[in-house]
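# sharing a model that was predicted from the sequence below.
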Amino acid sequence: MNELSKLCIHTITTKPWSIEEAARNYSASGVKGITVWRNALAGRNIRQTSQMLREHDLSIVSLCRGGFFPNSDPAKRNLALDDNRKAIEEATELGTKLIVMVCGADPSQSLEDSRKQIQDGIAALIPEASAAGIKLAIEPLHPMYADSRSAINTLAQANDMTEALNSPWVGVAVDVYHLWWDPNLENEIARCGKNNALLAFHVCDWKTPTTDFLNDRGLMGEGCIPIRKIRSWVESAGFNGFNEVEIFSTEYWKEDQSEFLQKIIKAYKQFV
């Protein structure tokens, strides 16, 4: 099997590149998958962009991102639902079957209220997601983001919500950056597998010291995350999809992106 056959890279990882540049360079380097961030589609004909990606022999793994449901203002919650409906339309035009959900939180209200609004928001989207044949992946985020980015902070919480929603169109995304610290991670990944709910697997590394909690992620092997061990857990749970490299890094975005891409591939082969 080609070493890179399960390597997917998020467009945000090589943020300075346009989606056309990313597609051309990923494909030329043997990368087989791409996850598209919605900002990369701005001002473009999405169907033509989809065709361009496929012409470069790239599987369109998912669309990032939906979510951001909670708000103390009901009108803003409705706007969030409208934006998620737009994301479903975009995913349909792009030709992917998965949207990753960064669920959101509102620091002006309790986490419990935010979680209820997340569950209600996803429930409201299930009919449209089902009709479009698109799955919604709840991505738990590290607790440091519980104020405004996500009130879903452990895989157990994501699993609980998936089970409560009880829909084949809702599952979870496992991102090692957010979950590596969790002592229950192996068991919760196995729980995902039993529910057929493990929809995506994202990799990068946690640098020490971390200089920015959002934009200082490391290349695989640069930090303390046992990536290969966690990969073995997701595969034991039945996951056989892409390993998605998602790196937010102000430092790496300053580099020549072609050189950065080769570093990603080298790190992927060595540490994933």
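It's in. If you're wondering where the values come from, they're calculated on a predicted model, not measured in any experiment.

# only C-alpha atoms from now on, for both contacts and neighbour counts.
Noted.

# count of residues packed around D212?
By the criterion of other C-alpha atoms under 10 Å, D212 has 12 neighbours.

# phi, psi for it please.
phi -150, psi 120 (degrees, to the nearest 10).

# confirm that W233 sits in a helix.
Yes: looking at W233 with DSSP: H, G, I helix; E, B strand; the rest coil, it is inside a helix.

# can you give me the strands in the stretch 51-200 of the chain?
Using DSSP state E, counting those that start in this stretch, the strands assigned to the stretch 51-200 of the chain run over residues 59-67, 98-102, 135-138, 170-175, 198-203.

# could you look over these and pick the most buried one?
Most buried of those by mean neighbour count (mean count of other C-alpha atoms under 10 Å) is strand 135-138; its value is a mean of 28.

# ok, back up a step: wait, which of the strands of the stretch 51-200 of the chain is closest to S236?
Each of the strands of the stretch 51-200 of the chain has some distance to S236 by C-alpha to C-alpha; the shortest is strand 198-203, at 11.3 Å.

# centre of the chain to that closest one, how far?
Relative to the centre of its chain, strand 198-203 is centred 7 Å away, using C-alpha atoms, centre = their mean, to the nearest Å.

# now it against strand 98-102, angle please.
Here the directions of strand 198-203 and strand 98-102 differ by 70 degrees (axes from the mean of the first three to the mean of the last three C-alpha atoms, to 10 degrees).

# now this structure, which segments are flagged as low pLDDT?
Scanning the chain for pLDDT under 70 picks out 1-2.

# related to what we said a few turns ago, format the strands of the stretch 51-200 of the chain as CSV; extra columns: distance to Q51.
CSV is the format used below for these (distance: least, C-alpha to C-alpha, whole Å):
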stretch, distance to Q51
strand 59-67, 10
strand 98-102, 17
strand 135-138, 21
strand 170-175, 26
strand 198-203, 23
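
# show me what contacts L165?
119, 123 (C-alpha atoms under 8 Å, 6 or more residues apart in numbering).

# go again with 10 Å.
119-120, 122-123, 126, 159, 171 (C-alpha atoms under 10 Å, 6 or more residues apart in numbering).

# and for A124?
Contacts of A124 (C-alpha under 10 Å, 6+ apart): 81, 85, 118.

# which of those residues has the largest number of neighbours?
I118 (28 neighbours).

# correct me if wrong: V272 contacts C204.
Yes: the criterion here is C-alpha atoms under 10 Å, and V272 meets it with C204 at 9.3 Å.

# okay, those two: which has more neighbours?
C204 (27 against 20).

# SS state for the residue nearest to G33 when sequence neighbours are not counted?
Nearest residue to G33 in three dimensions, chain neighbours excluded: C8, at 4.0 Å (C-alpha to C-alpha, 6 or more residues apart in numbering). Secondary structure for C8, judged by three-state DSSP, is strand.

# ok, the residue most central in space within the chain to D160 distance?
By C-alpha atoms, centre = their mean, the chain has its centre lying nearest to V100, at 5.0 Å. To D160, V100 is 17 Å away according to C-alpha to C-alpha, to the nearest Å.

# what pairs with the residue lying closest to the residue nearest to the centre of the chain once chain neighbours are set aside across the strands?
Of all residues not flanking V100 in the chain, A137 sits nearest, at 4.8 Å (C-alpha to C-alpha, 6+ apart). According to DSSP bridges, the partner residues bridging A137 are V100, G171.

# residues contacting A137?
Contacts of A137 (C-alpha under 10 Å, 6+ apart): 62, 65-67, 98-103, 122, 158, 162, 169-174, 197-200.

# cool, and R217?
Applying C-alpha under 10 Å, 6+ apart, the residues contacting R217 are 177, 204-208, 210-211, 223, 246-252.

# then C103?
Counted by C-alpha under 10 Å, 6+ apart, C103 has contacts 65-70, 114-115, 117-119, 121-122, 137-141, 148-153.

# helices - which of the residues you listed land there?
Using DSSP state H, 114-115, 117-119, 121-122 are the members of those that sit in helices.

# sweet, I'm off.
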